[in-house]
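Engineer: Sequence unavailable; structure follows:
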């Protein structure tokens, strides 16, 4: 259920288009792409944003959120029809050979939730107890994932403000060097580029990532609900055709 899918070209194209639009606009206005590269501004905005997010988030949540960013390009597999097909195959096995026959499927299940559900079925757990145990796992996993996704929302909130902070620092440098015209340019550049970095990092990277992660988490939640509902139906001894008909409601 958590098998990675192929590269998400929509994310790749969207990110490239956003950056090409910004840099292309700069060039069309007569500027140079190189003028958007400022190490000081980058350090202030990115370093300050990461520091602020670290301050508000436990390190485990922060690390998990950074790791989840790969879902933007390689999202977990979302294939409810394949999962339903798998559940129905288990239902047929149970009707033919009994619940204990599912124990053979436990070692080959790669998803922890699926593995636990199969073991509970093989052990003869009642449907309500199976659902109770699995829904606790789902709730905890969803909470962890949403907490981790929120670090990107937080970064999107902090980055523009820290960009303004970088702009103020740049202007301070300008004011301190009014008597030396050759030093004014670098200070002014840091001031403006820091603002661009802050707003751009928030609106072209952080907030879109946060929104997409939420969407992916919702998709995975649907897959998990299908799994629990299907396994509970198997535990109740329901007809495979009825189980399939009910689970197809998740795919509307």
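Structural biologist: Okay, I see it. Only a predicted model underlies this, so the values are computations on that prediction, with no experimental measurement involved. Numbering: from 1, shown residues only.
Engineer: Which elements pack onto the one helix or strand residue 169 maps to?
Structural biologist: Taking DSSP states H and E as the criterion, residue 169 maps to helix 127-176. Where contact means 3 or more CB pairs under 8 Å, 6 or more residues apart in numbering; DSSP states H and E, helix 127-176 is packed against helix 39-42, helix 48-56, helix 59-68, helix 112-122, helix 184-200, helix 207-235. For the C-beta atoms, the positions are set from N, CA and C on the backbone; glycine is no exception.
Engineer: redo that, cut-off 6 Å
Structural biologist: Helices and strands touching helix 127-176, as assessed by 3 or more CB pairs under 6 Å, 6 or more residues apart in numbering; DSSP states H and E, comprise helix 48-56, helix 59-68, helix 112-122, helix 184-200, helix 207-235.
Engineer: Turn those into CSV, including distance to residue 77 and mean pLDDT.
Structural biologist: Formatted as CSV, the helices and strands packed on helix 127-176 follow (distance: least, CB to CB, whole Å; pLDDT from 0 to 100):
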stretch, distance to residue 77, mean pLDDT
helix 48-56, 29, 95
helix 59-68, 15, 96
helix 112-122, 13, 94
helix 184-200, 32, 80
helix 207-235, 8, 95
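Engineer: Dump those to JSON lines, plus distance to residue 136 and mean neighbour count.
Structural biologist: JSON lines is the format used below for these (distance: least, CB to CB, whole Å; neighbours: other CB atoms under 10 Å):
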{"stretch": "helix 48-56", "distance to residue 136": "27", "mean neighbour count": "16"}
{"stretch": "helix 59-68", "distance to residue 136": "19", "mean neighbour count": "15"}
{"stretch": "helix 112-122", "distance to residue 136": "10", "mean neighbour count": "20"}
{"stretch": "helix 184-200", "distance to residue 136": "41", "mean neighbour count": "20"}
{"stretch": "helix 207-235", "distance to residue 136": "11", "mean neighbour count": "20"}
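Engineer: I'd like to know which of the ones you listed is closest to residue 15.
Structural biologist: Closest approach to residue 15 among these is made by helix 207-235 (8.1 Å; CB to CB).
Engineer: how far off helix 112-122 does that closest one point, in degrees?
Structural biologist: 10 degrees (axes from the mean of the first three to the mean of the last three CA atoms, to 10 degrees).
Engineer: list the buried ones in the helix or strand that helix 207-235 is followed by?
Structural biologist: Next helix or strand after helix 207-235 toward the C-terminus (DSSP H and E): helix 240-247. For helix 240-247, burial by neighbour count (16 or more other CB atoms under 10 Å) applies to 240, 243, 244, 247.
Engineer: what angle do helix 240-247 and helix 207-235 make?
Structural biologist: 150 degrees.
Engineer: Please name every helix or strand in contact with helix 240-247.
Structural biologist: helix 80-97, helix 207-235.
Engineer: Tabulate those helices in JSON lines, adding columns for distance to residue 142.
Structural biologist: JSON lines is the format used below for the helices and strands packed on helix 240-247 (distance: least, CB to CB, whole Å):
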{"stretch": "helix 80-97", "distance to residue 142": "17"}
{"stretch": "helix 207-235", "distance to residue 142": "6"}
